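Structure of the sequence below:
(chains A, B, C and D)
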Number of protein chains: 2
Amino acid sequence: MSKLFLMIEPLLRPRLFSCDTCLFKIITCQFIKQSEFDELQQRSSQLKFKKGEYILKQGATTTHLVFLQQGIIKFNLEDESGKNSILTITKAPSLIGGANVFYESINMFSVVAVEDCACCLIEIPLLMEIALGNTQYFMKLLEIITGMFKTSILNFISLAHKQVNGRIADVILYLAGSIYQSHSFTLSLSRKELAEFAGCSTENVIHTLSRFHREGILTVSSKKIIINDPERLQKISRIG
Amino acid sequence: MSKLFLMIEPLLRPRLFSCDTCLFKIITCQFIKQSEFDELQQRSSQLKFKKGEYILKQGATTTHLVFLQQGIIKFNLEDESGKNSILTITKAPSLIGGANVFYESINMFSVVAVEDCACCLIEIPLLMEIALGNTQYFMKLLEIITGMFKTSILNFISLAHKQVNGRIADVILYLAGSIYQSHSFTLSLSRKELAEFAGCSTENVIHTLSRFHREGILTVSSKKIIINDPERLQKISRIG
DNA sequence: ATCAAATCATGAAATAATGCAGTTTTTGCC
DNA sequence: GGCAAAAACTGCATTATTTCATGATTTGAT
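I've put the predicted structure just below:
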């Protein structure tokens, strides 16, 4: 890419990140033509979201699939009385909003940035047009989307049939294993959000984390968490 | 159909129910050729399951999609320690095992007959062969399968973030609304199964049902349940 | 029809979880 | 840096839930 192009390119169509190294492309490019990918790219828009901003809003209609390029998001269910439930937390890279592709276009829940995010919004009609002409590509998309459904169902199972101790152990293990991928991490969620995720009161999260800290299972100091005894945490998760 | 044919047909290939009035056909026949449906029918097998029998077994691999023609089933998750959780209850007509179609062939959970069932087992590879050549049919299948995913997620949401009162109210309302479709019904589930569905102890189910009975919300006498005050039950469900 | 096993039911004690009131700490903003 | 607001924390009273012990009832097998 020439220096001149680098200078004027942002004026034409600013790119927050390169489409050539985009994982969505890497995952699926083996199945579609460069020309098809180029068209997708042309008609996609890259957007930044600050922590706390809505990426998709529950109840709104969408015509876009969101590829989360960078950041961490929560799936948020808001009920009539204003109570929030967090269905799951996901980090980039991830394809979100898949439920809308094959079913209906009204968002079942909100997607909110938990950390600053970079996203790519892909037009669903265009994507479908390409997918319908290409079985392998279609199947790949399906696999990604049903895989996400599956994950969130498994998430729920662990939450729905355990007591708070086990649920909080689950949440911590999930965050360590799937989000931060380390036994030592700095939470991007508040205690209130942890409570919305675990389905209990904020106080209960605080009490339980303090207890785990007292018992040496975790080291908790404000947002910083270290898992000292993963085995015991897993045991608590197992027995519920 | 001639009388002679009726006499010998069972010897050739016994049919528990007619394929021509099968809802799976009615839902999808508008999109596929009669010859395609005939082949599906040829290679499908009809089976009966008694109450308590496994239709699909968690952890086993399947190459068949199950169309539930008659009866009520539960989706059962069995953990290492032998604890059961009921994910959801579904009645005929319903297409089950859809998760296996696009993802992988290992059953995430068991499917067990809660009442005597009649099922039709459809070969997934053959179904896919037909679907891949027929966009509309494919989309229809997808809609059915993702719709089921969606329903079970919504089911969970209501269970995961409520207290036992609300969860049991939910379970009763779900059974009345979606399974028995009446305010007065005879349970095919035991108290233990209700507990596995609501995610609480068996005693808690019994206590709560007795309380609802005492308060005039329900009339409960062993397996027979009458909802006397749906509004109050709904309110309990809402406030959790 | 009878017996054993499973299910249903009840109450009481122990444990778990919530909600509240009040305090400290952190965060964001001018 | 200082201030206000939000978040984090603590202990305690209240409520919810489980667990256990016990007995009644129902179900299924022989």
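
Please identify the helix or strand for the residue nearest the centre of chain A.
Residue closest to the average C-alpha location in chain A (C-alpha atoms, centre = their mean): A:Thr90, at 2.4 Å. Using DSSP states H and E, A:Thr90 sits in strand A:84-91.

and the lengthiest helix in chain A, which residues are buried?
When chain A is parsed with DSSP state H, its longest helix is helix A:135-160. If you call a residue buried by 16 or more other C-beta atoms under 10 Å in any protein chain shown, then helix A:135-160 has these buried ones: A:137-138, A:140-142, A:144-150, A:152-153, A:155-160. Any C-beta I mention is one placed from the backbone N, CA and C, and that applies to glycine too.

what's the one helix or strand A:Arg232 maps to packed up against?
Using DSSP H and E, A:Arg232 maps to helix A:230-239. In this structure, helix A:230-239 makes packing contacts with helix A:164-174, judged by 3 or more C-beta pairs under 8 Å, 6 or more residues apart in numbering or on different chains; DSSP states H and E.

model confidence over the helix it packs on, on average?
For helix A:164-174, the mean per-residue pLDDT is 92.

What residues does chain A have near chain B?
Residues of chain A that fall close to chain B, judged by C-beta under 8 Å from any C-beta of the partner chain: A:77, A:81, A:83, A:85, A:87, A:99, A:102-103, A:108, A:132, A:135, A:139, A:142-143, A:145-147, A:149-150, A:152-154, A:156-157, A:159-161, A:199, A:238-239.

For A:Phe31, which non-adjacent residue is spatially closest?
A:Tyr137 (3.9 Å; C-beta to C-beta, 6 or more residues apart in numbering or on different chains).

returning to that earlier point: may I ask you to confirm that the residue nearest to the centre of chain A is in contact with A:Phe67?
No - A:Thr90 is beyond contact range of A:Phe67, at 11.8 Å (criterion: C-beta atoms under 8 Å).

Identify the contacts common to these two.
Residues touching both A:Thr90 and A:Phe67 by C-beta atoms under 8 Å, 6 or more residues apart in numbering or on different chains: A:Ile96.

All the strands of chain A, in order from the start?
A:45-49, A:54-56, A:64-70, A:72-78, A:84-91, A:94-96, A:110-113, A:117-123, A:184-186, A:218-221, A:224-227 (DSSP state E).

roughly how far is the third one from the heart of the chain?
Looking back up the chat, that one is strand A:64-70. In this view, strand A:64-70 has its centroid 9 Å away from the chain centroid, taken as C-alpha atoms, centre = their mean, to the nearest Å.

Tell me what angle that strand forms with strand A:84-91.
If you take axes from the mean of the first three to the mean of the last three C-alpha atoms, to 10 degrees, strand A:64-70 sits at 60 degrees to strand A:84-91.

Repeat that for the fourth one.
Strand A:72-78 and strand A:84-91 meet at an angle of 160 degrees, taking the same axes, to 10 degrees as the criterion.

Mind listing what's buried along strand A:72-78?
For strand A:72-78, by 16+ other C-beta under 10 Å, it's A:Ile72, A:Ile73, A:Lys74, A:Phe75, A:Asn76, A:Leu77.

and the closest residue to the fourth one other than its chain neighbours, how many residues sit next to it?
Read that as A:Phe75. Leaving aside its chain neighbours, A:Phe75 sits nearest to A:Leu87 (4.1 Å; criterion: C-beta to C-beta, 6+ apart). Neighbourhood size, A:Leu87 [other C-beta atoms under 10 Å in any protein chain shown]: 24.

Hmm, A:Thr151 and A:Leu87 touching each other?
No - between A:Leu87 and A:Thr151 there is no contact under C-beta under 8 Å: 10.6 Å.

Flag the shaky bits of chain A, pLDDT-wise.
Per-residue confidence for chain A (pLDDT under 70) gives these ranges: A:1-17, A:20-21, A:23-28, A:81, A:99-104.

what residues does it put near DNA strand D?
Within reach of DNA strand D by C-beta under 7 Å from any atom of the strand, chain A has these residues: A:163, A:190-192, A:202-203, A:206-207, A:209-210, A:220-223.

For DNA strand C, tell me which of those residues show up nearby.
Within the residues of chain A next to DNA strand D, those near DNA strand C by C-beta under 7 Å from any atom of the strand are A:Gln163, A:Glu203, A:His207, A:Ser222, A:Lys223.

Does DNA strand C have contacts with the helix holding A:Arg232?
No - Helix A:230-239 is not in contact with DNA strand C by C-beta under 7 Å from any atom of the strand; minimum separation 10.1 Å.

tell me the domain ranges of chain A?
With domains defined by automatic domain parsing, chain A comprises A:3-159, A:162-239.

could you dump these to TSV with distance to B:Asp170?
Formatted as TSV, the domains of chain A follow (distance: least, C-beta to C-beta, whole Å):
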stretch	distance to B:Asp170
domain A:3-159	13
domain A:162-239	14
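
For B:Pro125, which of those domains is the nearest?
domain A:3-159 (13.2 Å; C-beta to C-beta).

Could you confirm whether the closest one reaches DNA strand C?
No - Domain A:3-159 lies out of reach of DNA strand C by C-beta under 7 Å from any atom of the strand, never closer than 7.5 Å.

Nearest to A:Val112 among the ones next to DNA strand C among the residues of chain A next to DNA strand D?
The closest of those, once distances to A:Val112 are taken by C-beta to C-beta, is A:Lys223, at 18.0 Å.

how many neighbours does the nearest residue to that closest one once chain neighbours are set aside have?
Once flanking residues are discounted, A:Lys223 sits nearest to A:Leu187: 4.4 Å by C-beta to C-beta, 6+ apart. A:Leu187 has 18 neighbours, counted by other C-beta under 10 Å.

Please apply the same query to A:Phe49.
Using other C-beta under 10 Å: A:Phe49 sits among 21 other residues.

A:Asn204 - how many residues pack around it?
So A:Asn204, with other C-beta under 10 Å, has 18 neighbours.

Distance-wise, check it relative to B:Glu143.
Per C-beta to C-beta, to the nearest Å, A:Asn204 is found 40 Å from B:Glu143.
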